[in-house]
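Chemist: Give me coordinates for this.
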Amino acid sequence: MLVVCGLTLCLGLALRGHSLRDCHLPLTAFCGLANLAAAVAILARARECPRESRGWRLLGLALILIAAANLAAGLDYRFPHLLGSHNVGPVILGVLSQSLAVAALVCLPWQSAGLDRRGRNVLGSILFVGSILLILWTVTNWEEGFGSHNVVNLALVAACVRLALLGGVALLLLEQDPRRIHGVLGFVLLNSLLGAIYIALLQALERQVGLKAIQMYTRHEMQEVIVVDGVAKGIVTRDMVTGEFEAHVADAVVLATGGYGNVFYLATYAKGCNTTAIWRAYQKGAAFANPCYTQIHPTCIPVTGDHQSKLTLMSESLRNDGRIWVPKKAGDKRPADQIPEDERDYYLERKYPSYGNLAPRDIASRAAKQVCDDGRGVGETGLGVYLDLSEATRRIGLHKIEEKYGNLLEMYDRITGEDPYKTPMRIYPASHYTMGGLWVDYNLMTTVPGLFCMGEANFSDHGANRLGASALMQGLSDGYFVLPATIAPYLAGIKPGARIKLDAPEVKAAEQATVTRQNKLFAIKGKQTPTEFHRKLGKIMWEFCGMARNESGLKEALKQIPELREQFHHDLALPGSGSEVNQTLELAGRVADFLDLGELMCLDALERRESCGGHFREEWQTEEGEAKRDDDHFCHVAAWEYMGAGQTPKRNVEELSFDNVHLATRSYK
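Modeler: The predicted structure is shown next:
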């Protein structure tokens, strides 16, 4: 068992950092070797028990066929045309192995393990149904090939059948010889682990990439949308390694490029997240809906200085047991353990007794900002509040806290150098998600025909706020259910052979626009880096268009952002060239787009004269400081239309109607 674990660890380390396609062959080969080793052990058992040998031999042969199927699948995946384009070899071997497993089940001595006829029939039925499903799947998918999600379905069926078989064999071997427990458990666990890895690797996209039906362009960044007669017909990309621009023509374009929360500079997003793709689509006619709707997450590690380039999100699950507080007295800089209980303000529990520390994200974030603005923030910067697990530790014990949050607390310790088991954690809100994005209809098509947008890049599902995990919900529903059902009818309506050529004037114009945009950046030859401009923009956005907004602040932002953009286009320092790896160039292009987007966000926030969800206008709040909507005038989507460089965009309105669930004012008191 130790040898197997060691081999598994070595394999994992060897494959670390490689693509799924590169990992598939060695993993399936290793899985096949494990099954082959199990077959040798089973056949040895057959020699020990001649009277029971028929069942054991059939089972051993089934495992040998499974091992062969593993190897064939690995070869077929890595070298798609080696064994035929339909993955015939692995499927046939799989069907034969399942059938032999059923035959072996009939012959094995289950009575000695205490399994009666009924139990034997149940186990046999599971294997039989699995074999029938496998055969039916083979017949129904023979012509179209074994790609798409059907491969995953096959793997799931095979994994369930194998688990039932392995469980039964483990029960039998263990009953006959309890000393086999370590080997039996190792056998079952290893096969289950490898089966799970195998299923994870059988992804539809990777399968099609392996078949060369889809070409993957890694390390490429979209620079432009190609539009012909008002219809999206392709994109222009830049190779981030060679710097070359390349046009790609198509019958439809799908954008799934994520949110634009890095406009705030410090955010929980990956640093590569940007707005360039959807901003190019906006400039080509796609309406941008509700850009001011951004979500601020309340439990992030606070800012420590200008050296930071991003913020780290701490899981919201910590609020299940953690209590959030600040000192009651402004300017109190005593360590947390020296502040008595009666001098602490558990402000969420005080303001929202029904929900307490589990108040929604927008409310918890604004409450943290308010106490820090009052001078009661903690830490060197005063921009932080305590999330204290000490009471929960006393209530349920340290071991339970470690069990539930150990990985998070270790991460916090490594980042801050503070032990959260001894000192309360410090947290503060940060940009985490954007509910705004490109306007799409129910088919996920933007206002540009042929241009689809899914996930966080569109505006469709969340409104002014977002519930936890609903971003995952949107990604799954858009990608797995909606888009496959809606893009096909669109493609069906396109006349065959109507795709434009790479030498079409519209394609050349899009390529030239991209080259011109890059050359203008290199021609500036200023002194400030893109990061300096990004940091300045982030401070403007956070101060005036962050958790709380007001008319004077938004107007000030709309004054400062154009000035900063003008400075950017006159004092940008851009080293190197465009024909090489140049991350400064990449960042400069993204910052240029963030500057334009930031202005649109502030304009949208200024025009929406109400408070709702993540958009909180200080002029529109109740006497208790809660959001105050204006449904009579702003119960609509604001979809902004690009009118040209230097021109004020047009604000279009899509009215919202609620027939089944009527609008209501929420209260968490």
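Chemist: SS state for the nearest residue to Met216 once chain neighbours are set aside?
Modeler: With CB to CB, 6 or more residues apart in numbering as the criterion, Met216 has its nearest non-adjacent residue at 5.2 Å, and that residue is Val209. Glycine gets a C-beta too; all of them are placed from N, C-alpha and C. Three-state call for Val209 (DSSP: H, G, I helix; E, B strand; the rest coil): helix.
Chemist: give me the element Tyr433 is part of.
Modeler: In this assignment (DSSP states H and E), Tyr433 forms part of strand 425-434.
Chemist: mind listing what's buried in that strand?
Modeler: Met425, Arg426, Ile427, Tyr428, Pro429, Ala430, Ser431, His432, Tyr433, Thr434 (16 or more other CB atoms under 10 Å).
Chemist: hang on, isn't the residue nearest to Met216 packed against Tyr217?
Modeler: No - applying CB atoms under 8 Å, one finds Val209 not in contact with Tyr217, separated by 10.8 Å.
Chemist: Those two: which is more packed in?
Modeler: Using other CB atoms under 10 Å, the more surrounded residue of Val209 and Tyr217 is Val209, with 17 against 11.
Chemist: Tell me the spacing between the more buried one and Thr218.
Modeler: Using CB to CB, to the nearest Å, Val209 is found at 11 Å from Thr218.
Chemist: repeat for Tyr346
Modeler: Going from Tyr346 to Thr218 by CB to CB gives 49 Å.
Chemist: So which of these two has more stuff around it?
Modeler: For Tyr346 and Thr218, the more surrounded residue by other CB under 10 Å is Tyr346, and the numbers stand at 16 against 8.
Chemist: Please look at that one and Arg323 and confirm they touch.
Modeler: Yes - contact criterion CB under 8 Å: Tyr346 and Arg323 qualify, at 5.7 Å.
Chemist: any shared contact partners between these two?
Modeler: Both Tyr346 and Arg323 are contacted by Asn357, under the criterion CB atoms under 8 Å, 6 or more residues apart in numbering.
Chemist: Show me this structure divided up by domain.
Modeler: Domain ranges of the chain: 2-210, 297-433, 505-655, per automatic domain parsing.
Chemist: Let me see the ranges of the strands in the stretch 401-550 of the chain.
Modeler: For the stretch 401-550 of the chain, the strands defined by DSSP state E, counting those that start in this stretch occupy 425-434, 437-438, 451-453.
Chemist: Apologies, that question was intended for the stretch 551-669 of the chain.
Modeler: In the stretch 551-669 of the chain, the strands defined using DSSP E, counting those that start in this stretch lie at 636-641, 650-655.
Chemist: now the first one: mean pLDDT?
Modeler: Strand 636-641 carries an average pLDDT of 97.
Chemist: Renumber starting at 502 from here on
Modeler: From this message on, residue numbering opens at 502, which makes the last subject strand 1137-1142.
Chemist: what helices or strands is it leaning on?
Modeler: Strand 1137-1142 makes packing contacts with strand 789-790, helix 1084-1108, strand 1151-1156 when contacts are defined by 3 or more CB pairs under 8 Å, 6 or more residues apart in numbering; DSSP states H and E.
Chemist: Sweet, I'm off.
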